[in-house]
Structures are given as structure tokens and as C-alpha cells.
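> Okay, predicted coordinates and the sequence, questions at the end:
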Amino acid sequence: AQSVTQLDSQVPVFEEAPVELRCNYSSSVSVYLFWYVQYPNQGLQLLLKYLSGSTLVKSINGFEAEFNKSQTSFHLRKPSVHISDTAEYFCAVSDDVTGGFKTIFGAGTRLFVKA
Amino acid sequence: DGGITQSPKYLFRKEGQNVTLSCEQNLNHDAMYWYRQDPGQGLRLIYYSQIVNDFQKGDIAEGYSVSREKKESFPLTVTSAQKNPTAFYLCASSRDLNEKLFFGSGTQLSVL
């Protein structure tokens, strides 16, 4: 069975500081890994994903995540955050054996960026 | 513009009442999903549908029902059997297997 653990429920950080949102997963088969972002009162938007190939994946707004198979982690990082990055971030895993119809989501990490 | 439309944005349910949440997509996606979001618990899958006239139970289907009569529409009914319906409900769709999920903006359901 697959599972996703987001190690921090809330992360407060000052503007322009670096941030890391931690995610660990467990799976007995190959995985696809995702980070979604949810702004207040909105649905989720895909931020970035790892399917195969390079273990470092990047989004268009400066976030990046690195797939670490030995540590079963997919931590999300940004070197300098903005106020507009305040949102909830969800790590997710999909099992290609099940065809991705049962994407498993973590409990979410709420990022607060303070001025 | 293509996307997923959920309505209403806010919904209130009286004791013993069934309510239906609407989800429409114009992305021509085959698969559609309903998730429930509770604080601190992330998203949990209620039902999903791979194609028209077919749907499967997710992890927390009890107290809910769905239909998929049209490709574009996947309404969710919260029945009186669902004893704790207060939550944020998200509808999603995807083109096919392992493609990314597109989400609607959600419906907040509360009990009066």
C-alpha cells in the first residue's frame, strides 16, 4: 500500500528566506510523485511532478523538488519565498500499477510567508 | 477557456436532507473524481469515474452517491446517511491514466 507523510503541518517563514517542505512516501512499486498548491478557497493546482528521468524537477515559479529513492523523499524547496507563496501545499503519490486513479495525498503543509 | 466548474461555492444542509453538488468539465476528460478535504487530513477520495455510465467507490464512499450520465458532468449527492458532511468538496478530472489532475474551485458544505 502507498502512503504519503508530510512532516510539517505549518511552516512560517519570512519573505525572501529559503523554505523546505518535507514529504516522505512509501510504496512497493514504481511511483509518480507530485506537489500541488492550494490557494485560499480554491482548488488544487499542480506545481510540479516527477515521473522518471532527472531526479530534480522544477516549477515555473521557482520551486523545485528532488526525488530521493534511497530516502523515499520528495522535499519541496524554494531559495527565496514571496508573500504570494502563502498557500497549502500537498505532496501526492500515484502508483502506475493502479493507473493513477487513486492518487494518494498527504495531509498538507500550510506555508505562511511573513513580511 | 477550458476548466472545471463546481457549484454552488457554499451549500448548507439541514438535518436529514440530501444535497447535490454539481461538477461540470469542458476539458473532454474521460476520468472524473470527487474528493473530500478536512483540515489536517488532506484529500480523501469519495468516488471516481473512468468513463460515462461507470463509477467506482473510493476510500470513503459511505453516505455519498454519484452518477455519470454525461462525459461532462459528475454530480455528487450527499445523503442523509452521511453523518458528518461538513467539509470542503473538490471535483477533479484527468485525460487518461497517469495524467495530471485538474481541480475545480470546490464547494464548502456546512450543516445547519
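Sure, I can see it. Numbers count the residues shown, from 1 in each chain, chains lettered A, B, ... in the order given.
> Show the contacting residues for residue A:90.
Applying CB atoms under 8 Å, 6 or more residues apart in numbering or on different chains, we find residue A:90 in contact with A:6, A:35, A:36, A:37, A:38, A:44, A:105, A:106, A:108, A:109, B:42, B:43. Heads up, the C-betas are built off the backbone N, CA and C, glycines and all.
> 6 Å - rerun?
By CB atoms under 6 Å, 6 or more residues apart in numbering or on different chains, the contact set of residue A:90 is A:36, A:105, A:106, A:108.
> and of these, the nearest to chain B?
residue A:105 (4.2 Å; CB to the nearest CB).
> tell me the pLDDT at that closest one?
You'll see residue A:105 listed with a pLDDT of 90.
> next one: phi and psi at it?
phi -100, psi 150 (degrees, to the nearest 10).
> can you give me the strands for chain B?
All strands of chain B, identified by DSSP state E, fall at B:4-7, B:10-13, B:19-25, B:31-38, B:42-49, B:56-57, B:64-66, B:76-78, B:87-94, B:102-103, B:107-111.
> quick one: strands adjacent to the second one?
What it means is strand B:10-13. strand B:107-111 (parallel) (DSSP bridges).
> Looking at the partner strand now, give me its mean pLDDT.
Rounded mean pLDDT across strand B:107-111 is 92.
> That strand vs strand B:31-38, what angle?
Interaxial angle of strand B:107-111 relative to strand B:31-38 (axes from the mean of the first three to the mean of the last three CA atoms, to 10 degrees): 50 degrees.
> still on that earlier bit, near chain B, from the contacts of residue A:90?
A:105, A:106, A:108 (CB under 6 Å from any CB of the partner chain).
> so how far is residue A:53 from the residue positioned nearest the centre of chain B?
Nearest to the mean C-alpha position of chain B, counting by CA atoms, centre = their mean, stands residue B:34 at 3.0 Å. Computed with CB to CB, to the nearest Å, the distance linking residue B:34 and residue A:53 is 32 Å.
> Spit out the contact partners of the residue in chain B that chain A sits nearest to.
Proximity of chain B to chain A (CB to the nearest CB) peaks at residue B:103, 3.3 Å away. Residues near residue B:103 by CB under 6 Å, 6+ apart: A:43, A:44, B:90, B:92.
> that older thread, does the residue nearest to the centre of chain B touch residue B:46 like I think?
Yes. Here residue B:34 reaches residue B:46: they are 4.3 Å apart, a contact under CB atoms under 6 Å.
> how about the closest residue to chain B within chain A, what does it touch?
Closest contact between chain A and chain B, by CB to the nearest CB, is at residue A:43 (3.3 Å). By CB under 6 Å, 6+ apart, residue A:43 lies in contact with B:90, B:103, B:104, B:105, B:106.
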